[in-house]
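Q: sharing a model prediction with you, sequence too.
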Amino acid sequence: LVGRPYPEAYQIITTERPDVHVEELQGGTVPPPGPVDETRVRVYINGNLTVVPPAPTVG
């Protein structure tokens, strides 16, 4: 999903995994520490709303 527009990536994620919620983070952001959440997908986006590395992952 890296390189795709965020709205497209969001739709793919929620279609394939309706049991998860999507958490958007600005590219380069270090996520806050905390427990693994198997119902969360973190997606990193840039100012153009494009998905950037690292690839979206559950947890």
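A: Structure received.

Q: partner strands of the helix or strand bottoming out on mean pLDDT in the chain, parallel or antiparallel?
A: Across the helices and strands of the chain, mean pLDDT, DSSP states H and E gives its lowest value to strand 57-58, namely a mean of 94. Sheet pairing for strand 57-58, assigned by DSSP bridges, gives strand 40-45 (antiparallel).

Q: would you map the helices across the protein?
A: 6-16 (DSSP state H).

Q: which non-adjacent residue is nearest the residue nearest to the spatial centre of the chain?
A: In the chain, the C-alpha nearest the mean C-alpha coordinate belongs to Val43, at 1.6 Å (C-alpha atoms, centre = their mean). Closest residue to Val43 apart from its sequence neighbours, by C-beta to C-beta, 6 or more residues apart in numbering: Pro56 at 4.6 Å. Glycine gets a C-beta too; all of them are placed from N, C-alpha and C.

Q: surely Asp37 is in contact with Pro31?
A: No - with contact defined as C-beta atoms under 8 Å, Asp37 does not reach Pro31; the gap is 10.7 Å.
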